[in-house]
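# Whatever this is, show me its structure:
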Amino acid sequence: MHPPKQASRLALIGAMPEELAAVLACMPDAHCETVAGRKFWLGHMQGHDVVVVLSGIGKVAAAITATVLIEKFQVHSILFTGVAGGLAAHVQVGDVVVAAELLQHDMDASPLFPKHVVPLSGCAKFSTDMAITQRLIESAKQALPEVPVHAGLIISGDQFVSSAAESKRLQNELPDALAVEMEGAALAQVCHDYGIPLGVVRTLSDRADDDAHTDFSKFVKNVASHYSVAIVSEFLKRLPT
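Presented below is the predicted three-dimensional model:
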């Protein structure tokens, strides 16, 4: 006789309260558990078992959150939604970027290791799960048909990039980067080590330039949070129950 199959649980992570408020509003049965100072909301969305949590801002906060989700809540995959600053010339504020790869732009252990390579891992770029990434692209295009959707490299670092000079430096150093944020690459490293599938989708709130700080908060509240719930809802519809 086989043991009963455990329910599969998907983790939904955001970095700021505004980003996930709309998602929590779709989970009337959610209850909260607090671990490591974080509130993990467990419930159902679109008929799927999910746990929703705010990661906090920055790579360490994100890595802690991912580790708790895997170890404590035994999630089978992780989906991160949020905002980012646009870097590539062809992406604009309001566009959606789905990560195919993630890299820490502030990782530099040279000359011991090549710049951007995570020491002892042999990796600079960590790939997201191909199936989740494709489903996110399709979901974003279906949920937001008027919004351009891009897929490629997103870079992360413990820095809110808000100057044209710094943005230009990153563009020159990492010309393939579509966008910059503060959590995704840390999540990718944790998920890589645990073998957990990861998807990352970001709405561009600014151009990571001198106006980034004035655009950011208003955009998160008025636009990005609604984009997140629309994409997540469509994504869950496409998952087998």
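# can you give me the strands in the protein?
9-14, 31-35, 38-45, 48-54, 77-86, 96-104, 125-127, 149-156, 177-181, 198-206 (DSSP state E).
# Which residue is the nearest non-sequential neighbour of A36?
Nearest non-adjacent residue to A36, counting by CB to CB, 6 or more residues apart in numbering: V68, 5.5 Å away. Quick note: C-beta positions are derived from backbone N, CA and C, even for glycine.
# quick one: the one you found from V201, how far?
21 Å (CB to CB, to the nearest Å).
# Between these two, which is the more surrounded one?
V201 (29 against 18; other CB atoms under 10 Å).
# doesn't V98 make contact with that one?
Yes: counting by CB atoms under 8 Å, V201 touches V98, with 5.1 Å between them.
# intersection of neighbour lists for these two?
Shared contacts of V201 and V98 (CB atoms under 8 Å, 6 or more residues apart in numbering): L136, A140.
# Now tabulate the strands of the chain in CSV and tack on mean pLDDT and distance to T133.
Converted to CSV, these look like this (pLDDT from 0 to 100; distance: least, CB to CB, whole Å):
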stretch, mean pLDDT, distance to T133
strand 9-14, 94, 15
strand 31-35, 97, 28
strand 38-45, 96, 20
strand 48-54, 96, 18
strand 77-86, 93, 11
strand 96-104, 97, 6
strand 125-127, 97, 9
strand 149-156, 98, 7
strand 177-181, 96, 13
strand 198-206, 92, 6
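# mind giving me a markdown table with these and columns for distance to S228?
Output for those, formatted as a markdown table (distance: least, CB to CB, whole Å):
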| stretch | distance to S228 |
| --- | --- |
| strand 9-14 | 7 |
| strand 31-35 | 20 |
| strand 38-45 | 12 |
| strand 48-54 | 11 |
| strand 77-86 | 4 |
| strand 96-104 | 10 |
| strand 125-127 | 22 |
| strand 149-156 | 14 |
| strand 177-181 | 14 |
| strand 198-206 | 7 |
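# Which one, of those strands, ends up nearest to P240?
Between P240 and the strands of the chain, the shortest gap by CB to CB is with strand 48-54, which sits at 9.6 Å.
# give the contact list for the most centrally placed residue in the chain.
Nearest to the mean C-alpha position of the chain, counting by CA atoms, centre = their mean, stands F80 at 3.2 Å. Counting by CB under 8 Å, 6+ apart, F80 touches I13, G14, S55, E183, G184, L187, L198, G199, V200, V201.
# quick one: low-confidence parts of the chain?
1-7, 208-217, 241 (pLDDT under 70).
# thought S8 was touching F73?
No: using CB under 8 Å, S8 makes no contact with F73, being 11.6 Å away.
# how about the nearest residue to H90, chain neighbours excluded?
H150 (7.8 Å).
# Show me the beta-bridge partners of that neighbour.
V97 (DSSP bridges).
# any idea how far it is from W41?
H150 is 30 Å from W41, by CB to CB.
# Counting neighbours, go ahead and name the busier of the two.
Neighbour count, other CB under 10 Å: between H150 and W41, H150 has more, with 21 against 18.
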